[in-house]
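K.L.:
Pasting the sequence and the predicted coordinates here, then a few questions.
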Amino acid sequence: MAEKKFDYFINGENGKWEVIIGLEVHAQVLSKSKLFSSSSTKFGAEPNTQVSLVDSAFPGMLPVINQFCIEQSIKTGLGLKAIINLNSVFDRKNYFYADLPQGYQISQYKKPLVGEGEVILDMPYGTKKVGIERLHLEQDAGKSIHDIDPDNSFVDLNRSGVALMEIVSKPDLRSPEEVNFYVKKLRSIMRYLGTCDGNMQEGSLRADVNVSVRKVGDSQYGTRCEIKNVNSIKFMQMAIEHEAKRQVEILESGKKIDQETRLFDVKKNTTRSMRSKEEAHDYRYFPDPDLLPLKLNKGLIDKLKKELPELPDQKKDRFIKDHNLSPYEANILVSEKEISDYYEEMIKECDKKLATNWITVELFAVLNKNNLSISQSPISAKNLSSLVKMITLGKISGKIAKDVFEKMQVSDKDPKQIVEEEGLVQQSDPKELEKIVLEVLSKNQDKVIQYQSGKVKLFGYFVGEVMKVSKGKANPNLVNDILKIKLK
């Protein structure tokens, strides 16, 4: 399907305004140790317990590059269909913060590890391609804590030196909804690759959001403002909506937008000025003298390329082709690696289409209600597969299956065991069912006459009565067949 813009405009007094958005996503590399030291990256440790002399900038201590972090970044670049630069350089980005012990951040400027790539979004209107400008590696800063003591701030250096991939998009996004789809797709790709866990609540994925506005039809970009360190997709969307409206109001009043860095206030749902936006020359970038230029062997790139797992877009195409799923169903099932793994485990022994329905409708309802991910599901893929298999074999009805499903949420017992213990096996003996049908018809002679006189909608009433008498155990297909014969 052809690409389209998402219909998101701001109506001002002087016409329509278009929102231009670019994201700088900071994704923590999934690695046991930091970018330039052997310190642990484990989340939730006591403050300042995972800090080496390198992380704390002790004089004379030199950084040593973590090869695994380089490989993880290359894999991410390959997953984004990006150019991998065989020659790259680490630079010092100079600025002062209390939680930045060196007084500079080791990052990459003119020669990043990964060049241009792309991400394809499956939007409600079709597909949209978002360009990737670059991916560069850098070290994270520590964390300043201001809410422990009213008079003092504290610094935790556990995150100091943790490897980050900064993934910079081109200004191709045009709405909060597209940002939602973009971040989710980017996170999904990295989770499939195993290069970032994407846990935003732990700070593993956050973004600086660049927003500008321009009149619909204009070709020039407006002055952009950067909203720093937004750590949830919901907050990104809220920040964009507020910031875009703020800029339109300023421009329509005849004033200019100041290029600046802003923060998003979650409680007030507003952005506020943090500082004027720095240009690259403000950071006085220069190559880090303690780190040699990074030169990659093409053989390493080829090796990592061969080792790439099946990614979401590839898996989606396979699910549509091999499992006869709709694009919508396939999109849902590949959105998270854990969901696709659960589905593929299920369909080893049960009907594919029915498995899709039970995951996307029944199981998702339970997970959403209890705020669980599929990896935390109270029902295993094996047991849900067994339940679906019992339906297709006619051992239990769909209604009984839902009752069994409720019980499985508590114990995750094998559904066969639940059915046997509670005597829920579907009644499929034609002779026994015929007796129940005749009993129902004899008690409802008036309705039988009405049915035979043309009120055919009463057929559903008879089916319901048979199911009541059988306590939901009657095989509905057999009931329908027997009723049709007897009602003649």
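P.N.:
Perfect, thanks for sending it.
K.L.:
make it CA atoms for all contacts and neighbour counts henceforth
P.N.:
Noted.
K.L.:
I'd assumed Asp351 was in contact with Tyr389.
P.N.:
In this structure residue 389 is Lys, not Tyr. Yes. Proximity of Lys389 to Asp351 meets the contact threshold set by C-alpha atoms under 8 Å, at 7.0 Å.
K.L.:
more crowded one of these two?
P.N.:
Lys389 (20 against 16; other C-alpha atoms under 10 Å).
K.L.:
Name the helix or strand for the more buried one, please.
P.N.:
Using DSSP states H and E, Lys389 maps to helix 381-392.
K.L.:
Identify all contacting residues around that helix.
P.N.:
342-343, 345-347, 349-351, 354-355, 358, 396-398, 401, 405, 412-416 (C-alpha atoms under 8 Å, 6 or more residues apart in numbering).
K.L.:
Narrow those residues to just the buried residues.
P.N.:
Buried subset of those (neighbour count, 16 or more other C-alpha atoms under 10 Å): 342-343, 346-347, 350-351, 355, 358, 396-398, 401, 405, 412-416.
K.L.:
next one: the helix ranked longest in the chain to chain centre, how far?
P.N.:
Counting by DSSP state H, the longest helix found in the chain is helix 233-252. How far helix 233-252 lies from its chain's middle: 23 Å, per C-alpha atoms, centre = their mean, to the nearest Å.
K.L.:
following that helix, which helix or strand comes up?
P.N.:
Counting by DSSP H and E, the next helix or strand C-terminal to helix 233-252 is strand 260-265.
K.L.:
any idea of the mean pLDDT for that next one?
P.N.:
For strand 260-265, the mean pLDDT works out to 94.
K.L.:
Parallel or antiparallel, which strands does the helix or strand just after that strand pair with?
P.N.:
Counting by DSSP H and E, the element after strand 260-265 in chain order, helix or strand, is strand 270-276. Applying DSSP bridges, strand 270-276 is found paired with strand 260-265 (antiparallel).
K.L.:
what comes into contact with stretch 87-94?
P.N.:
Counting by C-alpha under 8 Å, 6+ apart, 103-113, 283-288, 291-296 sit against stretch 87-94.
K.L.:
Please point out which parts of that stretch sit buried.
P.N.:
Ser88, Val89, Phe90, Asp91, Arg92, Lys93, Asn94.
K.L.:
and the end-to-end length of that stretch?
P.N.:
23 Å (C-alpha to C-alpha, to the nearest Å).
K.L.:
tell me the average confidence for it?
P.N.:
97.
K.L.:
same deal with stretch 214-228?
P.N.:
pLDDT averaged over stretch 214-228 gives 94.
K.L.:
Okay, now that stretch: how far is its last residue from its first?
P.N.:
The straight-line separation of the ends of stretch 214-228 (C-alpha to C-alpha) is 22 Å.
K.L.:
next one: stretch 55-67
P.N.:
First residue to last in stretch 55-67 (C-alpha to C-alpha) measures 17 Å.
K.L.:
Show me what that stretch is in contact with.
P.N.:
33-37, 53-54, 101-102, 157, 160-161, 290-291.
K.L.:
how does it look with 6 Å?
P.N.:
Leu35, Phe36, Val54, Pro101, Gln102, Ser160, Gly161 (C-alpha atoms under 6 Å, 6 or more residues apart in numbering).
K.L.:
any idea how far stretch 459-475 is from the chain center?
P.N.:
Distance, centroid of stretch 459-475 to centroid of chain: 43 Å (C-alpha atoms, centre = their mean).
K.L.:
what's the answer for stretch 61-68, then?
P.N.:
31 Å.
K.L.:
picking that back up, looking at the helix holding Lys389 now, give me its mean pLDDT.
P.N.:
Rounded mean pLDDT across helix 381-392 is 94.
K.L.:
for Asn269, phi and psi?
P.N.:
phi 60, psi 50 (degrees, to the nearest 10).
K.L.:
And Gly254, by the same measure?
P.N.:
phi 90, psi 0.
K.L.:
That one: how many residues sit nearby?
P.N.:
Considering only other C-alpha under 10 Å, Gly254 is surrounded by 8 other residues.
K.L.:
what helix or strand is Val366 on?
P.N.:
Judged by DSSP H and E, Val366 forms part of helix 364-369.
K.L.:
So Val209 belongs to a strand, correct?
P.N.:
Yes. Assignment of Val209 by DSSP: H, G, I helix; E, B strand; the rest coil places it within a strand.
K.L.:
Below-threshold pLDDT in this protein: ranges please.
P.N.:
Applying pLDDT under 70 to the chain picks out residues 1-7, 277, 280, 426-429.
K.L.:
coming back round to it: just the buried residues of stretch 87-94: which are in strands?
P.N.:
If you go by DSSP state E, the buried residues of stretch 87-94 have Ser88, Asp91, Arg92, Lys93, Asn94 in strands.
K.L.:
quick one: which of those residues is nearest to Gln220?
P.N.:
Lys93 (29.6 Å; C-alpha to C-alpha).
K.L.:
Ser160 contacts Ala141, correct?
P.N.:
Yes. With contacts counted by C-alpha atoms under 6 Å, Ser160 reaches Ala141, the gap being 4.5 Å.
K.L.:
Helix or strand: which one has the spatially most central residue of the chain?
P.N.:
Taking C-alpha atoms, centre = their mean, the centroid of the chain lies closest to Lys184, which sits 3.8 Å from it. Per DSSP H and E: Lys184 is located in helix 176-193.
K.L.:
Which residues does that helix contact?
P.N.:
Cys196, Asp197, Gly198, Gln237, Glu336, Lys337.
K.L.:
Report the contact partners of the fifth one.
P.N.:
Going back to what we said before, that points to Glu336. The neighbours of Glu336, taking C-alpha under 6 Å, 6+ apart as the test, are Ser188.
K.L.:
cool, the one 3 residues further on as well?
P.N.:
By C-alpha under 6 Å, 6+ apart, Ile339 lies in contact with Leu333.
K.L.:
Compute the inter-axis angle for the strand or helix carrying it and helix 176-193.
P.N.:
Taking DSSP H and E as the definition, Ile339 sits inside helix 337-346. Calculated by axes from the mean of the first three to the mean of the last three C-alpha atoms, to 10 degrees, helix 337-346 forms an angle of 60 degrees with helix 176-193.
K.L.:
Return the distance of helix 337-346 from the chain's centre.
P.N.:
The answer for helix 337-346 is 15 Å, by C-alpha atoms, centre = their mean.
K.L.:
Can you identify the element that follows it toward the C-terminus?
P.N.:
Counting by DSSP H and E, the next helix or strand C-terminal to helix 337-346 is helix 352-357.
K.L.:
Pull up the gap between Thr127 and Ile120, please.
P.N.:
7 Å.
K.L.:
joint contacts of these two?
P.N.:
Between them, Thr127 and Ile120 share no contacting residue, judged by C-alpha under 6 Å, 6+ apart.
K.L.:
Pull the number of nearby residues for Glu278.
P.N.:
Glu278 has 11 nearby residues by other C-alpha under 10 Å.
K.L.:
Many thanks, I have nothing further to ask.
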